[in-house]
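Enquirer: Have a look; sequence and predicted model below, questions after that.
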Amino acid sequence: MQSAIDSAEQTTISYSLLQQFSSLATSFEILNDYSNQFGAMIFISDTSDIALKNADRLFSKLKGIRLTFILLGTNVDTTKLRNFTSNFIYWPDLTQPQPDNWDLISYHAYGCDFPYTPTSTRLPISTTSSNIYYNYYPCQVMITAIVDISNSLNIEQFEKQLTFTKNVLSQVNHFERVRFGTYYEGNGKMTYQFNSTNNQQSLLETIDATTQTSLPPSLAGAMRALSANNYPNRTVPDSTIIFVTDTTNPIQIQAAHNFYNSVLKGRVRLTFILTGAKANSTQLQAFDDAIFFNWQNMNKSQPDGWDISQAFRCTPLSSTTTGSTVITSTPLAPTTTLSTQGSSSSSGVQTSTIPSTSSSLQSTNIQTSATTPSSYIPCQSWISFGIDDSNILTATQFLNQLNFISSAIGGLNHPERIQAVGAYSQPATWNSGLTIQQIQNAPKITICRYFNQLAKYSTK
C-alpha cells in the first residue's frame, strides 16, 4: 500500500470537495458495513467557493463517518468547513514531515473513539452524552488539567504549555466531565468547571483566554484549587494533570502535600508534568501515589514518553508498585518504560512497557514484532486517507503529502481496513484483497494508471 501511495501522481484539475465526498461516499456504500467505526481524513488545500461548490449535496451520505479535515498550507479557512465537521488538523508548513501534533491526535482522526450504531440500517448518530454507543476516550474518568500561570516559564514556554494542554484535551470526548484550572503563588481556581453543557469549542476558548501573571509559582495553589472544588461523594475517579514548573521551595512543596493529604488523597489521582528546568521529581517524592512525566526540555513538543492513557490513569498501575512512578522515554525502542522506585526487584526498579504513541518507524516495529494477526493498530476502525490530488499544491508539497500518508500507513495493520483515494482516482480501496507487502511490491506502472487518468466526469 505504501508503494501505491508513493507512486501516485498529481492531476491538473482544480480542487473539488464534492469529488472528494463522492469518492468516499462511493466506497462507503460499496462496503455496506453498519457495525464498525469509521475515520476519514480529507486533505484539503483550497476552501474557495468554487472548491466547495455543491459538496453539501453528498454530505448526508457520509453519516456515521468521523470526518477530519487536514488543512494543507495557510490559505484554508476552517469557518467554511464547519458545516461538515469540527475536527481539524493543521499542516501550515508543508516542509514539515507531518501535520502539527499528529502523534497526539492521530487516534482521534482514525475514528477510534467515534460512536457507531450497530443496526442493519445506518441512522443519524446522536452525539449527546446519553448516547450509549459513545465510548469514553481515553477512559471513563473525570478529567482535570491545571496549568501554571506564574512567572516561572518564559512566554514561549508558557504558550507551549497551553498548546499542549489544548492538544491533549481535544482528544477526549464527553466534555461534560472535563474541567480546566490555573494556579500561581498560593492561589488557584477552576476557570472551566464540570458541566453538562460543556463542549470542545468553549473549553478551548477558555484555555486560549488564559494569561500569564508576574507572580511566582507555588504548587500549593494547585492543591487549593482542587480542594475548593472537591466532590467527596463522586464515584467516578478524578484524574488530574498538574504542570509543575518549580520545585525549589521546600516550604511550598510541603504546604501542597499537606493540602493533598488532608483533603484529596484517595479521591484524586495525580499526574505531574515536570515542566521546565526548575522542576524535579526528587522534591515531590512525598506524593507517593502520583506519576510523573518529564518535560524539562521544553524544546520538545511534548513530555518524554507521553501516553494519554497512562496520564489519565486509564491503565491501572501494578498492585505491587510502591513509591513514586516516573514515566521516561526510550528513544530507540518501540515502547516507553515505566520505572518504579522502591519496588521489590533486586535492582530497586520494576519495569513494564507502555505502547508508544509515535507514528514513526517505531510504530512499524510494533506492528511486525509485537502484535498478533488479530490485533488492530490503532483500533478496529475503517480508515480512509483522502488524498489532495488537485493542482493546488506544488510538486514538492504534493510529494510530502504522499510521504506522510505512506509513513502513517506503515504504522497500521489489517490493510483491508485502509484506503487511500483521491478526488479523481482510487489507488487503494477498502477490501482490496492485497496485503500491505503485496501492494508495496506491486509494479509502479500498475499503480500509476490510477493517478494518470484525468477526471472524465463531474458529479452533478
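Expert: Alright, I've got the coordinates. Owing to the predicted nature of the structure, the values given are computational and were not obtained by experimental measurement.
Enquirer: who does the host helix or strand of Ile273 touch, helix- and strand-wise?
Expert: Per DSSP states H and E, Ile273 falls inside strand 268-275. Counting contacts by 3 or more Cβ pairs under 8 Å, 6 or more residues apart in numbering; DSSP states H and E, strand 268-275 is packed against strand 238-244, strand 291-295. Heads up, the C-betas are built off the backbone N, CA and C, glycines and all.
Enquirer: Which one, of those, ends up nearest to Gly422?
Expert: Among those, strand 291-295 comes nearest to Gly422, with 38.9 Å by Cβ to Cβ.
Enquirer: List the buried residues for the next helix or strand after the closest one?
Expert: Using DSSP H and E, the helix or strand that follows strand 291-295 in sequence is helix 308-311. For helix 308-311, burial by neighbour count (16 or more other Cβ atoms under 10 Å) applies to 308, 310-311.
Enquirer: same check, this time on stretch 172-187
Expert: Quick answer for stretch 172-187 (16+ other Cβ under 10 Å): 172-175, 177-185, 187.
Enquirer: swap in stretch 399-419?
Expert: 400-402, 404-415, 417-419.
Enquirer: ok, now stretch 56-74?
Expert: Neighbour counts over stretch 56-74 (16+ other Cβ under 10 Å) mark 58-59, 61-62, 64-73 as buried.
Enquirer: Sort out for me which of those are in strands.
Expert: Under the assignment DSSP state E, the buried residues of stretch 56-74 contribute 66-72 to strands.
Enquirer: For those residues, could you give me JSON lines that also reports distance to Tyr424 and pLDDT?
Expert: Output for those, formatted as JSON lines (distance: Cβ to Cβ, whole Å; pLDDT from 0 to 100):
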{"residue": "Arg66", "distance to Tyr424": "24", "pLDDT": "91"}
{"residue": "Leu67", "distance to Tyr424": "20", "pLDDT": "93"}
{"residue": "Thr68", "distance to Tyr424": "21", "pLDDT": "94"}
{"residue": "Phe69", "distance to Tyr424": "18", "pLDDT": "95"}
{"residue": "Ile70", "distance to Tyr424": "18", "pLDDT": "95"}
{"residue": "Leu71", "distance to Tyr424": "20", "pLDDT": "94"}
{"residue": "Leu72", "distance to Tyr424": "17", "pLDDT": "95"}
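Enquirer: what two of those have the greatest distance between them?
Expert: Using Cβ to Cβ, the pair of those lying farthest apart is Arg66 and Leu72, separated by 19.5 Å.
Enquirer: check contacts around the residue nearest the centre of the chain.
Expert: A centroid search over the chain (Cα atoms, centre = their mean) returns Ile105, at 1.9 Å, as the residue closest to the centre. Neighbour list for Ile105: 89, 167, 170-171 [criterion: Cβ atoms under 8 Å, 6 or more residues apart in numbering].
Enquirer: before we move on, back to that, give me the subset of the buried residues of stretch 172-187 lying in helices.
Expert: With DSSP state H as the criterion, helices contain none of these.
Enquirer: and the residues you listed, which two are the farthest apart?
Expert: Using Cβ to Cβ, the pair of the buried residues of stretch 172-187 lying farthest apart is Asn173 and Glu185, separated by 34.6 Å.
Enquirer: ok, which pair from the buried residues of stretch 56-74 is furthest apart?
Expert: The widest separation within the buried residues of stretch 56-74 (Cβ to Cβ) is 29.6 Å, between Gly64 and Gly73.
Enquirer: Local confidence estimate at Ile439?
Expert: pLDDT for Ile439: 49.
Enquirer: where's the spatially closest residue to Lys278 that is not a sequence neighbour relative to Thr79, distance?
Expert: Counting by Cβ to Cβ, 6 or more residues apart in numbering, Lys278 lies nearest to Asp246, which is 4.4 Å off, once chain neighbours are set aside. Computed as Cβ to Cβ, to the nearest Å, the Asp246 to Thr79 distance reads 40 Å.
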